[in-house]
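K.L.:
Can you look at this prediction? I've put the sequence above it.
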Amino acid sequence: MDLTPNDWQRANLPPLAVVCPDCGSAAGQLCASHGGTRARNSQVRRGRTAVWEQARIDGNPAVRLILDAAKARRGMHGKHAAELLDAHGHTAEADRIRRAISERNGLLSAKQAAALLLDEAEGGESR
């Protein structure tokens, strides 16, 4: 199956799903550069990526819980993230993090645990 340029952009530039706060490009359209005279062809603005990333986080309560706690606590381990999730009723996510900790010989930070949950929720790799 051949991908059209628009299909390729959507697959490789997921932040296109949101409106760019910097240049005002609509969702699905590339960011503008050179004062709005040309569309960027291979990247989006940092502001758009930040908005997209925040939307991903806000859409997943377990990830949001971990990242909010990690902001307040430096050096938070994945084990602590799993305990926090368990305490707030996210037992399936807590079990997944515990398995990942075991698979990685104890080497998993809370932020890595949050990224793992996000990737798996969006159909990414799962180990």
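P.N.:
On my side now, so go ahead.

K.L.:
mind listing the strands for this protein?
P.N.:
32-33, 38-39 (DSSP state E).

K.L.:
Just list what the first one packs against, helices and strands only.
P.N.:
Secondary structure elements in contact with strand 32-33, counted by 3 or more C-beta pairs under 8 Å, 6 or more residues apart in numbering; DSSP states H and E, are strand 38-39. C-beta: built from backbone N, CA, C; applies to glycine.

K.L.:
coming back round to it: out of the strands of the chain, indicate the one that is most buried.
P.N.:
strand 32-33 (a mean of 16; mean count of other C-beta atoms under 10 Å).

K.L.:
starting at the chain centroid, how far to that strand?
P.N.:
24 Å (C-alpha atoms, centre = their mean, to the nearest Å).

K.L.:
Would you map out the domains in this protein?
P.N.:
5-49, 59-121 (automatic domain parsing).

K.L.:
Make CSV from the strands of the chain and add distance to residue 103 to it.
P.N.:
CSV is the format used below for those (distance: least, C-beta to C-beta, whole Å):
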stretch, distance to residue 103
strand 32-33, 43
strand 38-39, 42
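
K.L.:
Kindly reformat the ones you listed as CSV and extend each row with distance to residue 111 and mean pLDDT.
P.N.:
As requested, those are exported to CSV (distance: least, C-beta to C-beta, whole Å; pLDDT from 0 to 100):
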stretch, distance to residue 111, mean pLDDT
strand 32-33, 31, 79
strand 38-39, 33, 70
